[in-house]
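**Q** Whatever this is, show me its structure:
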Amino acid sequence: MEALLFLFPQFNYMAPKEEVYFKILGPEDLQAPTMKDDSSRQKDKERKSRLSLFLTKSGSHENVSPNKKTNTTTNISPETALQWSDSFEELLKHSDGVESFSQFLRTEFSEENIEFWLACEEYKTIDSDTKLLSKARCIYTVYIDSDAPKEINIDYNTKADIQKVIAKPTKSCFEAAQLIVYNLMKKDSYPRFLHSDIYLRLTRRKGPGTNMFRRRSRSCVFNDRGEATTEPSAW
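**A** Next comes the predicted model:
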């Protein structure tokens, strides 16, 4: 901790994460994208490299928030966890489901997907134009920019469309990127999550040999021992 404070004296661990990013990156990084000379680009890369290194060493930027929940999965019942297998949409309705899914994505080094999706959901609820601009630039700097420390995997055209409007963002400016990330998680990460140790431990919390109710899912069903088995989709 002391070493981190020495390296980043401007960092305030109790500040909101948007403020933290702004202080580390500097106000010039939050301006609308413009043509820069070589020295400016080099300085930008150095700042973002320091931020990327810090986020990696600290185990992803969710550690910045002092209000982050810990051990949220300890009190989840098997019945509740089994509901998450109904659909990806059902999983996202439960805060514990989102946290468990986030834990799984961290094991695959793809936690930026759920973090970006959640940031976009929060972004769409902002009413203040000033806060909307601040949040949009934060999302762009952390997830969209080519030098972003947690860059998401979206196509060039989608990224270019966001770059064009980031100086005057609208509530819908991230919708295309959010949909791409959503479908990636739903089709790729979510099926693997249902077969992961993280999820299976939650569905077996009553212990071996305990009868569990069967619940059909698009991805799997659970037998009487709470084990996940693949089965042809009913849809």
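**Q** Can you give me the pLDDT of Ile162?
**A** We have a pLDDT of 97 for Ile162.
**Q** change the start of the numbering to 228 and stick with it
**A** Taking 228 as the first residue, the last one we looked at is Ile389.
**Q** residue contacts, the residue nearest to Met412 when sequence neighbours are not counted?
**A** Closest residue to Met412 apart from its sequence neighbours, by Cβ to Cβ, 6 or more residues apart in numbering: Asn340 at 5.3 Å. The C-beta positions use only the backbone N, C-alpha and C, and glycine is treated the same way. Asn340 makes contacts with 332, 379, 408, 411-412, 416, as judged by Cβ atoms under 8 Å, 6 or more residues apart in numbering.
**Q** which of those residues count as buried?
**A** Buried positions within these, assessed by neighbour count (16 or more other Cβ atoms under 10 Å), are 332, 379, 408, 411-412, 416.
**Q** pLDDT of the helix or strand where the residue nearest to Met412 lies, averaged?
**A** Using DSSP states H and E, Asn340 falls within helix 339-350. Across helix 339-350, pLDDT averages out at 98.
**Q** Output that helix as PDB, restricted to C-alpha atoms.
**A** C-alpha atoms of helix 339-350 as PDB (Å, rounded to 0.1, in the frame of the first residue of the first chain):
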ATOM      1  CA  GLU A 339     -13.900  -5.800 -18.500                       C
ATOM      2  CA  ASN A 340     -17.000  -7.100 -20.400                       C
ATOM      3  CA  ILE A 341     -19.300  -7.100 -17.400                       C
ATOM      4  CA  GLU A 342     -17.800  -4.000 -16.000                       C
ATOM      5  CA  PHE A 343     -18.400  -2.100 -19.300                       C
ATOM      6  CA  TRP A 344     -21.900  -3.400 -19.500                       C
ATOM      7  CA  LEU A 345     -22.700  -2.300 -15.900                       C
ATOM      8  CA  ALA A 346     -21.100   1.100 -16.600                       C
ATOM      9  CA  CYS A 347     -23.400   1.500 -19.600                       C
ATOM     10  CA  GLU A 348     -26.400   0.600 -17.600                       C
ATOM     11  CA  GLU A 349     -25.500   3.200 -15.000                       C
ATOM     12  CA  TYR A 350     -24.700   5.700 -17.700                       C
END
